[in-house]
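S.K.: Let's see this in three dimensions:
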Amino acid sequence: MQSLDDLEPDHAASVSKHALQLMAELEVPATPPNFTVWFAYVLGRSAALRKTIDILRSNDRKFDNALNRELYDTFLKSTGSVGEVAQTISGELDAILVNVRNDVAGAIADTAAHSEELIEVGRTLRTANDPNLP
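M.R.: Next comes the predicted model:
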């Protein structure tokens, strides 16, 4: 199965536009998890999601926050698609930020140490040139 990252930009834009139109028509709040559900619905890769939403729509069911959350949790989050990827990315970003903070702290410490060394070299050079200086 083709991953979502492999979608052609024009196709992804078309699916996005259609998903947003459906969301507006059905008064679904445009939140990232809701958009993910409706993007997946329009894309049509999950027959179970498609069938469930079609049945709900045919019964004039209102797609409130609870129903949208249930659809997301049932068909997307539990399959490890977007929800798991988002958690993985978040964890990786946290690890990267920790590494960057550590690197910056190390660079600051190194700079401070080099500054002290340069100050000491400057004092030594002044003293060598003028023995009357402290």
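S.K.: phi, psi of Asn59?
M.R.: Asn59 has phi and psi values of phi -90, psi 10 when expressed as degrees, to the nearest 10.
S.K.: mind checking pLDDT for it?
M.R.: Here the pLDDT value assigned to Asn59 is 93.
S.K.: Pull up the gap between it and Trp38, please.
M.R.: 18 Å (CB to CB, to the nearest Å). Backbone N, C-alpha and C define where each C-beta goes, glycine included.
S.K.: Look at those two and report which has more neighbours.
M.R.: The neighbour comparison of Asn59 against Trp38 (other CB atoms under 10 Å) goes to Trp38, with 26 against 7.
S.K.: can you tell me which residues contact that one?
M.R.: 19-20, 22-23, 28 (CB atoms under 8 Å, 6 or more residues apart in numbering).
S.K.: So which of these sit within strands?
M.R.: The strands, defined by DSSP state E, take in nothing from these.
S.K.: and of those, the nearest to Asn129?
M.R.: Leu20 (73.9 Å; CB to CB).
S.K.: which ones are touching the closest one?
M.R.: Residues near Leu20 by CB under 8 Å, 6+ apart: 30, 35, 38.
S.K.: Nearest residue to the second one in space, ignoring adjacent ones along the chain?
M.R.: Nearest residue to Phe35, sequence neighbours excluded (CB to CB, 6 or more residues apart in numbering): Ala19, at 6.4 Å.
S.K.: and what of the last one?
M.R.: With CB to CB, 6+ apart as the measure, Ala19 is the residue that lies nearest to Trp38, at 4.0 Å, once sequence neighbours are left out.
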